[in-house]
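A.B. asks: Output the structure for:
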Amino acid sequence: MEELSSVTRNEARARVEAFVADFHARWQRSGKSPDPSGFDPRVFETWAAELSGLLATHCTPGMRTGREGALSSSPAHHPDAEQITDVEVDEDTATVRSVIHSAGNNPYYYKYQLRRGDDGWRISRLSTFLNPPGAPFVDPARAKALMLGATSEAALPDLPAHLELDVPGLFTAGRMAGPFENPAPIEVLHLGNLTCASGVLAVLDLGFGDAHFVPLARRIVPGTYPVEVATVSEVTVAVRLRLSEAPAVSWHPAEFTDGTRSVGVDVGSVALLDAGSLVQYQAQRIEELLQEHAALLVGAPGTMFGLAGEAMDAVMVSSGYGDGTYPCYWGVAADGGLTSLLVDFRVLAEDIVRATRVPFQPGPVSSPELAGLELQIAAYDRAFVISSRGGDVTGLRVVAPDGTLLMDGSRLGTFITEGRSSKTWRPDAAPPPGSVLEVTRYLGYRHI
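C.D. replies: Numbers count the residues shown, from 1 in each chain. Take a look at the predicted model:
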């Protein structure tokens, strides 16, 4: 019996080894990044045909390699670099794990899932991971500290002065709204009920992994709560977790335990989930969930799933227009209890800005309205470098005394170092006396 099992494992292993060798051979023929100077769009058609042949030879119908439509400077699979680390067989299914080390790059970990049919073993699914098998999503000691950092007494800061929220308006189904010329009706969808058994919520981009994971500082009462997502023209406007039926009489920034008040997004989606369940998971499983549910967002604004057991303790939604940084807010009832958690993707939002003009002259810019920006103009030969600290500056222009626009900063590149942003302007002639620097500063936003 053991001998038969060994033969079966070797057969599954051989299929993966053949796939790797075949992939590499096809990549050498057609999958390499082309020379940009002689680029031919048909190269993608050739690579697609190569992958089609690869799948027909080694895989079940509908399987994807994850390399569709992408040419690369190094192969995703290489018989001399990819090492099989584990083979498990359970009757007519098998799992083969491998790791590939490329010079100068972090390793990639693969999981091949196979099925056995009349024509032998064929690959039914291929998953790629950045984390090794068995690695926890969060180090247990750090996880414990993060969970203890969330309390039911955490502060509820006041909203900034220039912030005009209309949360009920975001979730008024049928209201005509839109940031473009053709308004469309808002649609509100009840995604399901989310269970938070630990009382500690996490809002994050699962694609960042542990690197950016910190829970919200304010604990909620453990329980199960409805999740609603608002969309307009199939774009996600906001998502909220309704903690009670009481109306919110005030809104407050929802701080994370590190003091931040927004969620950064790099893969076009945001997950809201029970942090207590999340910290118990292995990193590869979180990567797998991200891949599975991100695919479901192609045809829906949100998807719910369970991290621990059968309870739905996680929800993932598309993040507005994609990547960015999005604010989170607590709604608070008249009795001081939390009514909801909101993630605003600022689709139905209009920036509040203020333009300030100061004399254009080298040196630090002194103006009460621009305090805190550390704005400075430096002259170098015939060039000027205008720099500031923070991300509040949204526009820079230099205007002559007669109103002629001499420089528009939106046409210049931005260099960022040590928290300072700078633009270099090289005019044909020095600005005439009396020229001014116009600084447009972001103050906040209002819902529309």
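
A.B. asks: what's the following helix or strand after the strand or helix carrying Ala18?
C.D. replies: Assessed by DSSP states H and E, Ala18 sits inside helix 2-26. Once the chain leaves helix 2-26, the next helix or strand it forms, by DSSP H and E, is helix 42-58.

A.B. asks: who are the neighbours of that next one, in terms of helices and strands?
C.D. replies: The contact analysis (3 or more Cβ pairs under 8 Å, 6 or more residues apart in numbering; DSSP states H and E) places helix 42-58 against helix 2-26. For glycine as for every other residue, the C-beta is placed from the backbone atoms N, C-alpha and C.

A.B. asks: Run the angle between the helix it packs on and helix 42-58 for me.
C.D. replies: In terms of direction (axes from the mean of the first three to the mean of the last three Cα atoms, to 10 degrees), helix 2-26 departs from helix 42-58 by 160 degrees.

A.B. asks: Near Val203, how many other residues are there?
C.D. replies: 22 (other Cβ atoms under 10 Å).

A.B. asks: Now it: phi and psi?
C.D. replies: The phi and psi values for Val203, taken as degrees, to the nearest 10, are phi -130, psi 120.

A.B. asks: ranges for the strands of the stretch 201-350 of the chain?
C.D. replies: 201-204, 223-232, 235-242, 250-253, 262-265, 269-274, 302-305, 314-318, 324-332, 338-344, 349-359 (DSSP state E, counting those that start in this stretch).

A.B. asks: could the ones you listed go into TSV alongside mean pLDDT and distance to Pro160?
C.D. replies: Shown next, in TSV, are these (pLDDT from 0 to 100; distance: least, Cβ to Cβ, whole Å):
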stretch	mean pLDDT	distance to Pro160
strand 201-204	95	19
strand 223-232	97	23
strand 235-242	97	18
strand 250-253	97	8
strand 262-265	92	12
strand 269-274	94	21
strand 302-305	92	28
strand 314-318	94	25
strand 324-332	96	10
strand 338-344	98	13
strand 349-359	95	10
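
A.B. asks: Could you list the low-confidence segments of the stretch 101-250 of the chain?
C.D. replies: Within the stretch 101-250 of the chain, the stretches with pLDDT under 70 are 103-104, 209-212.

A.B. asks: ignore the last one, the stretch 301-448 of the chain
C.D. replies: Using pLDDT under 70, nothing in the stretch 301-448 of the chain is flagged.

A.B. asks: Thr95 touches Glu88, doesn't it?
C.D. replies: Yes: between Thr95 and Glu88 there is a contact at 4.7 Å, judged by Cβ atoms under 8 Å.

A.B. asks: more neighbours, these two?
C.D. replies: Neighbours were counted for Thr95 and for Glu88 using other Cβ under 10 Å; Thr95 has more, 15 against 11.

A.B. asks: List the beta-bridge partners for that one.
C.D. replies: Beta-bridge partners for Thr95, by DSSP bridges, are Glu88, Gln113.

A.B. asks: residues contacting it?
C.D. replies: Neighbour list for Thr95: 86-88, 111-114 [criterion: Cβ atoms under 8 Å, 6 or more residues apart in numbering].

A.B. asks: Between those residues, which sits nearest Gly363?
C.D. replies: Lys111 (59.4 Å; Cβ to Cβ).

A.B. asks: Could you find the closest non-adjacent residue to the closest one?
C.D. replies: Spatial nearest neighbour of Lys111, chain neighbours left out: Ser127 (4.5 Å); criterion: Cβ to Cβ, 6 or more residues apart in numbering.

A.B. asks: what's the angle from the helix or strand harbouring the one you found to helix 42-58?
C.D. replies: Taking DSSP H and E as the definition, one finds Ser127 inside strand 120-129. Orientation of strand 120-129 against helix 42-58 (the same axes, to 10 degrees) gives an angle of 130 degrees.

A.B. asks: Please point out which parts of strand 120-129 sit buried.
C.D. replies: 121-124, 126-129 (16 or more other Cβ atoms under 10 Å).

A.B. asks: what comes up buried for the following helix or strand past it?
C.D. replies: Reading on from strand 120-129 to the C-terminus, the next helix or strand found by DSSP H and E is helix 140-148. Residues of helix 140-148 classed as buried by neighbour count (16+ other Cβ under 10 Å): 143, 146-147.

A.B. asks: I'd like to know which of those is nearest to Val237.
C.D. replies: Nearest to Val237 among the buried residues of helix 140-148, with distances taken as Cβ to Cβ, is Leu146, at 29.7 Å.

A.B. asks: In contact with the closest one, which residues?
C.D. replies: Leu146 neighbours (Cβ under 8 Å, 6+ apart): 138, 213-215, 257, 275, 279.

A.B. asks: hmm, 6 Å instead?
C.D. replies: Pro215 (Cβ atoms under 6 Å, 6 or more residues apart in numbering).

A.B. asks: Same check on Val96?
C.D. replies: With Cβ under 6 Å, 6+ apart, Val96 has these contacts: 12, 16, 87, 112.

A.B. asks: Equivalent analysis for His58, please.
C.D. replies: 19, 123.

A.B. asks: do you know how far it is from Ser6?
C.D. replies: His58 sits 22 Å away from Ser6, going by Cβ to Cβ, to the nearest Å.

A.B. asks: ok now stretch 349-368, how far from the chain's centre?
C.D. replies: 32 Å (Cα atoms, centre = their mean, to the nearest Å).

A.B. asks: From the opening residue of that stretch to its closing one, how far?
C.D. replies: Counting by Cα to Cα, to the nearest Å, you get 27 Å between the two ends of stretch 349-368.

A.B. asks: May I see the buried residues of that stretch?
C.D. replies: 349, 356, 358, 360, 365.

A.B. asks: repeat for stretch 315-329
C.D. replies: 315-320, 326-329.

A.B. asks: Can you get me the start-to-end distance on that stretch?
C.D. replies: Termini of stretch 315-329 sit 17 Å apart (Cα to Cα).

A.B. asks: If anything else comes up later, I'll come back, but that's it for now.
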